[in-house]
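A.B. asks: Provided below for reference: sequence and predicted model.
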Amino acid sequence: MAPVGAKRPLEEQTASKANAAPAAKKGRKPKVPAEIKLQPIKKTLNGHVKTLARMVNRDWHDGYEEQGEELAAYLGNLSAPLQAVYDVGIVQNTAHSACHDVLMCIADTWENMKSIPARCDIEETAKEMGGNEIQIALTKWEKDATKTFQGTPVDPLAYMWRLLLHSAAANAATKDEDLLQWIKDATDYGADILDDQEPDDDEEELVIVNVDKHMKAGLDRLKQLHAQEDKWTSLPTHKKVNPGALLFTFSSFVYFLILPFFPNPKMCTRRSGRSTDVLTGRSTCGLGTTPMTSSAFGSQLIRSTKRSACKMIRRLATASRDFLHICNRHQ
């Protein structure tokens with residue numbers, strides 16, 4: 001027996017450490033896989049939103065081509081994070097909360113993109129734009145199975161939210177309160193999370209809940225929670241509403257309401273050396289004054305009214321664009 005206070009031989013210490021179980025670190029969150037880390041994805045997508053907003057603010061009328069290219073770049077950067085959500089949240093069946101945050105980020109940035117007052121309608125342009133497919137490889141069930149989407153991110157978001165919540169609900173470790181909030185978030189963005197009959201692949205042969213017991217169990221639990229509508233509908237909404245869009249919509253309505261009465265807005269800003277006192281009807285040019293006829297006075301009064309109306313419209317449109325830019329910058 002070794003004397004008290006004596007050190008054990010080095011080989012015994014090494015063996016003892018090797019056999020000891022690693023101490024669990026309390027309070028530490030599980031590590032999020034690099035491909036679904038929120039900040040890089042958020043930075044990339046918000047970068048496209050801010051760039052498009054600057055393009056519109058700089059040249060709304062003639063910059064529509066580069067605005068369309070920026071929209072295409074945004075849509076092209078959605079496939080990678082959506083595939084990562086599938087790989088991590090469904091295939092690996094882990095990090096469901098982080099995957100949900102990625103889907104929320106995509107949904108939020110799309111709402112911001114739609115609120116930008118570009119010359120073209122953002123949503124309609126995305127639907128008509130070719131060459132921007134979002135394709136998900138469904139390798140968990142079939143080697144070559146894919147699901148392809150064209151147009152806006154709305155459909156691929158709803159598809160991935162449905163699969164993610166089915167996978168998360170099948171895990172006993174996932175809390176009901178988390179699932180209820182995720183149901184609320186997905187529903188607020190228009191996702192049908194209970195759809196279980198529509199084919200899940202491009203060949204229209206795969207229905208996931210029919211071939212995967214894990215996903216079927218998740219769907220069954222999700223249906224029970226979704227039936228508790230009073231619980232999840234009362235939860236706080238996380239869907240962002242951009243007030244700048246409402247302001248610009250109002251200013252655009254005013255503009256197009258008045259525009260037919262002013263066929264040439266440039267005439268409203270044209271200046272000359274002659275000015276008119278609209279109260280006395282006297283036209284001044286230099287130091288001399290000449291009386292105006294009633295018809296000339298009426299024409300001048302109309303031009304003055306047009307000038308004031310056009311200034312008001314321009315200021316309202318500028319204010320709405322500035323306000324929208326501030327909203328996008330702080331989101």
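C.D. replies: All right, it came through fine.

A.B. asks: tell me where the stretch 101-250 of the chain has helices.
C.D. replies: 122-128, 154-169, 176-188, 208-211, 213-226, 229-232, 243-258 (DSSP state H, counting those that start in this stretch).

A.B. asks: in TSV: those helices, plus distance to residue 139, mean neighbour count and mean pLDDT.
C.D. replies: C-beta coordinates here come from the backbone N, C-alpha and C atoms, glycine included. Below are these laid out as TSV (distance: least, Cβ to Cβ, whole Å; neighbours: other Cβ atoms under 10 Å; pLDDT from 0 to 100):
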stretch	distance to residue 139	mean neighbour count	mean pLDDT
helix 122-128	27	16	90
helix 154-169	13	24	95
helix 176-188	24	19	95
helix 208-211	13	17	88
helix 213-226	15	17	94
helix 229-232	32	13	94
helix 243-258	39	16	49
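
A.B. asks: out of the ones you listed, which gets nearest to residue 52?
C.D. replies: Closest of the helices of the stretch 101-250 of the chain to residue 52 is helix 122-128, at 8.4 Å (criterion: Cβ to Cβ).

A.B. asks: how about residues contacting that closest one?
C.D. replies: 68, 71, 75, 113, 114, 116, 132, 151, 152 (Cβ atoms under 8 Å, 6 or more residues apart in numbering).

A.B. asks: if I look at residue 209, how far off is residue 53?
C.D. replies: As judged by Cβ to Cβ, to the nearest Å, residue 209 and residue 53 stand 41 Å apart.

A.B. asks: cool, and residue 113?
C.D. replies: From residue 113 to residue 53 the distance is 9 Å (Cβ to Cβ).

A.B. asks: now do residue 207
C.D. replies: 41 Å.

A.B. asks: neighbour count winner among those two?
C.D. replies: For residue 207 versus residue 53, the count of surrounding residues by other Cβ atoms under 10 Å is larger for residue 53: 25 against 15.

A.B. asks: so what does the more buried one have for phi and psi?
C.D. replies: Dihedral pair for residue 53: phi -60, psi -40, per degrees, to the nearest 10.

A.B. asks: before we move on, what about residue 61?
C.D. replies: phi -80, psi -50.

A.B. asks: ok, it touching residue 119?
C.D. replies: Yes: using Cβ atoms under 8 Å, residue 61 is in contact with residue 119, at 6.2 Å.

A.B. asks: those two - which one has more neighbours?
C.D. replies: Between residue 61 and residue 119, counted using other Cβ under 10 Å, the more crowded position is residue 119 (15 against 7).

A.B. asks: now do the closest residue to residue 240 other than its chain neighbours: how many residues are near it, please.
C.D. replies: Once flanking residues are discounted, residue 240 sits nearest to residue 108: 5.2 Å by Cβ to Cβ, 6 or more residues apart in numbering. Residue 108: 20 surrounding residues under other Cβ under 10 Å.

A.B. asks: what do you get for the one 3 residues further on?
C.D. replies: Summarising burial for residue 111: neighbours were counted as other Cβ under 10 Å, giving 17.

A.B. asks: could you measure from it over to residue 37?
C.D. replies: From residue 111 across to residue 37, the span is 22 Å (Cβ to Cβ).

A.B. asks: who wins on neighbours among the contacts of helix 122-128?
C.D. replies: Most neighbours among the contacts of helix 122-128, by other Cβ under 10 Å: residue 116, with 26 neighbours.
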